[in-house]
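# this is the structure alone, sequence omitted:
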Ligand code: SF4
């Protein structure tokens, strides 16, 4: 038997396969870290179909974080000004169940909230849905995917009748034209980019277009970089559509047979002439025409996007406008073509499958649909009407619910909102008002732990066996390869125990995570994400499987919609007709710059893991602000000088990086630094919570700021 255990990288949604083994001679000093913990060996899994043995620096160094800054015991305190005291699990569970019951019977179930995470395995997500949406009768479960992918979810549902990225990674190596918008793939999804870039380099006829206000490493590799003004994505996309239509590149047969609402869309794009669009986006007409020509002349066009599109007050409209281009040119349902969202968290996809957002139910069902509610109630053995017909509180609603006193208990798990939420000062003030906050995490300290009344130690990656789904719908079993430290428990076990102590013994009688998964997949039967043919054992012996994978299936389903039938009531994909609205907070004379933010190659989100890995810390030692030389000269800012950045909500300080990589009028800061890591360099001290009306995803990507040299 191999000494290596197969698992998955727990960082980004690329979902690279890993193999992990204990140190060859664990007692040898060189095989132990400074605290005496064994150093595990990690390598890429060559047999994993998504990554083929490749890993980036995050995956390669992940084992170094296993024993650093772990939370080992349940801890409680009566108020936030007290020290935590260690308690037994029994005492912690008693306190939690008693507080849940009190809130439930005094304020009602709608005062209970859980804010979860794309770091959850599918079993964790599913158990939490059953506890909150089923047993407790509130849909107040939302996850950090709300800040990440909810616009993609809403866009897919509105255009195709269902969520679910239609493409697969193989398409990266089959396309004629890759259109990357709002994604710095080279740094944020490195192994996807490796595959695309290698193919692009070898095939000179293949075109790569990158749309980004920054000249990122991704843009450096492109044939055409469109550095559009922030907030003008829809102008650009409608402008490309205008030219495709004018030049006769549209597929009228496909439009007639497979889509609806094209006339309304055609009426909108009529207004986006090249002259208007070039002016609006601040690009040349020639570049716009080149982009349209690359798209129109290609047999197979693949578009990729990420947070630059989703984190917007018109995020759903942007996603649908990307999809429109695919629909008008029939670039979907075939190899090398289609709209493809790149997921942020490693199992945000599993979250969507299990109903892990406040408006969803398991199996790609929605809370508002009475039939969907009834199906889940019957399956869970609940009385009809037990699942609330109202979508629950979203991530930001939970913050405003704390402000108004409507939230009586907040349970946060595997995420760090005291760094990642918009408008951080307001967020922190709201967290301080929480009557009772449970914080469940593998790590301590984190910025959010400071706002908790109860800390629950969670087993992390490698310490529990469960399933994750990556961006291409590839389901992988992440096998445990070591015991959780001290008293840490798997998230699903914690949720199940609370459920049993609340009296739902039958509902949570799971002996192990394989049983949880086996129950969950039954709820996907005959749904778009049918996984009834997948179980833990099969994943262990057969390897990763792509859904849909119905019971009895022999093959993976690489692409969706190959039959050109969609999940809408009439089977047609719907065009969305949108005029551009621009930024929710455009620059003005008082706040003349647009601040955008993003991630760096080595770091992951709020640095809970990567901040403790020496190699990554030395790659990215400190935060910075990118400023164009022209703006720097106007303000008298020189390289490395400290700059105070102010928005209407807060301020932060960053050393200047004067560079032509950023467009004039726009500045960029990385989002990884919270209060634990740098003084006053929190990107989200500046951002605002204005959200997309459909996806309720906040516009974290842009706000108006002023710059003051210090
Ligand atoms: Fe992990 Fe993403 Fe890097 Fe792959 S690309 S090794 S999933 S961080």
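Nice, I can see it. Computed from a predicted model, the values in this text were never measured in an experiment.
# for the ligand, what are the nearby residues on the stretch 451-600 of the chain?
For the stretch 451-600 of the chain, no residue is in contact with the ligand (CB under 6 Å from any ligand atom). The C-beta positions use only the backbone N, C-alpha and C, and glycine is treated the same way.
# please list the outside residues in contact with stretch 583-590.
For stretch 583-590, contacts defined as CB atoms under 8 Å, 6 or more residues apart in numbering pick out 230-231, 313, 591, 593-594, 648, 665, 688, 690, 699, 702-704, 706.
# looking at the residues you listed, which are in strands?
Among these, the ones falling in strands (DSSP state E) are 593-594, 703-704, 706.
# among the residues you listed, which one sits closest to residue 253?
Of all those, the one sitting nearest residue 253 is residue 594; the distance, using CB to CB, is 41.7 Å.
# of all residues in this protein, which one is closest to the ligand?
Proximity of the chain to the ligand (CB to the nearest ligand atom) peaks at residue 59, 2.6 Å away.
# in the helix or strand hosting residue 643, what's buried?
Using DSSP states H and E, residue 643 sits in strand 642-646. By neighbour count with 16 or more other CB atoms under 10 Å, strand 642-646 contains the buried residues 643-646.
# partner strands of that strand and their direction?
Using DSSP bridges, strand 642-646 pairs in its sheet with strand 651-658 (antiparallel), strand 703-709 (antiparallel).
# need the max-distance pair from the contacts of stretch 583-590.
313 and 706 (21.0 Å).
# more neighbours: the two, which one.
Taking other CB atoms under 10 Å, residue 313 and residue 706 do not tie; residue 313 has more neighbours (26 against 19).
# which residues touch that one?
With CB under 8 Å, 6+ apart, residue 313 has these contacts: 581, 583-584, 690-693, 698-699.
# what about 7 Å?
For residue 313, the contacting residues are 584, 690-692, 699, by CB atoms under 7 Å, 6 or more residues apart in numbering.
# ditto for residue 701
307-308, 311-312, 596-597.
# repeat the analysis, applying 6 Å as the threshold.
Residues counted as contacts of residue 701 (CB atoms under 6 Å, 6 or more residues apart in numbering) are 308, 311, 596.
# ok, now residue 479?
5, 7, 465.
# can you give me the strands for the stretch 451-600 of the chain?
454-457, 466-469, 474-478, 545-546, 573-574, 593-598 (DSSP state E, counting those that start in this stretch).
# now these as a markdown table including distance to residue 161, mean neighbour count and mean pLDDT?
Converted to a markdown table, these look like this (distance: least, CB to CB, whole Å; neighbours: other CB atoms under 10 Å; pLDDT from 0 to 100):
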| stretch | distance to residue 161 | mean neighbour count | mean pLDDT |
| --- | --- | --- | --- |
| strand 454-457 | 39 | 24 | 98 |
| strand 466-469 | 20 | 30 | 98 |
| strand 474-478 | 22 | 27 | 98 |
| strand 545-546 | 20 | 22 | 97 |
| strand 573-574 | 8 | 24 | 98 |
| strand 593-598 | 32 | 24 | 98 |
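# could you dump the ones you listed to JSON lines with distance to residue 68?
Shown next, in JSON lines, are those (distance: least, CB to CB, whole Å):
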{"stretch": "strand 454-457", "distance to residue 68": "14"}
{"stretch": "strand 466-469", "distance to residue 68": "22"}
{"stretch": "strand 474-478", "distance to residue 68": "20"}
{"stretch": "strand 545-546", "distance to residue 68": "33"}
{"stretch": "strand 573-574", "distance to residue 68": "47"}
{"stretch": "strand 593-598", "distance to residue 68": "25"}
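# closest one to residue 29 among those?
Closest among the strands of the stretch 451-600 of the chain, using CB to CB: strand 454-457, at 28.2 Å.
# show me what that closest one is packed up against.
Contacts defined by 3 or more CB pairs under 6 Å, 6 or more residues apart in numbering; DSSP states H and E place strand 454-457 against strand 437-441.
# kindly recompute the last result at 8 Å.
The contact analysis (3 or more CB pairs under 8 Å, 6 or more residues apart in numbering; DSSP states H and E) places strand 454-457 against strand 75-76, helix 89-106, strand 437-441.
# pull the residues that contact it.
70-76, 84, 92, 95-96, 436-442, 444, 449, 484-489, 494.
# returning to what we had before: list the contacts of the residue of the chain closest to the ligand.
Going by CB under 8 Å, 6+ apart, residue 59 touches 9, 11, 16, 18, 42, 44.
# how would you label it: helix, strand or coil?
State at residue 59, reduced to three classes by DSSP: H, G, I helix; E, B strand; the rest coil: helix.
# tell me where the stretch 351-500 of the chain has helices.
370-380, 395-404, 417-420, 424-432, 491-501 (DSSP state H, counting those that start in this stretch).
# out of those helices, flag the one nearest residue 572.
Of all the helices of the stretch 351-500 of the chain, helix 370-380 sits nearest to residue 572, with 21.4 Å by CB to CB.
# what helices and strands are in contact with that closest one?
The contact analysis (3+ CB pairs under 8 Å, 6+ apart) places helix 370-380 against strand 360-361, strand 365-366.
# residue 390: which of the strands paired with strand 642-646 is closest?
It's strand 703-709; of the strands paired with strand 642-646, that one is closest to residue 390 (CB to CB) at 30.4 Å.
# about what we covered before: give the buried subset of the contacts of stretch 583-590 as a PyMOL selection command.
In PyMOL, a selection of the buried entries from the contacts of stretch 583-590 looks like this (16+ other CB under 10 Å):
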select buried, resi 230+231+313+591+593+594+665+688+690+699+702+703+704+706
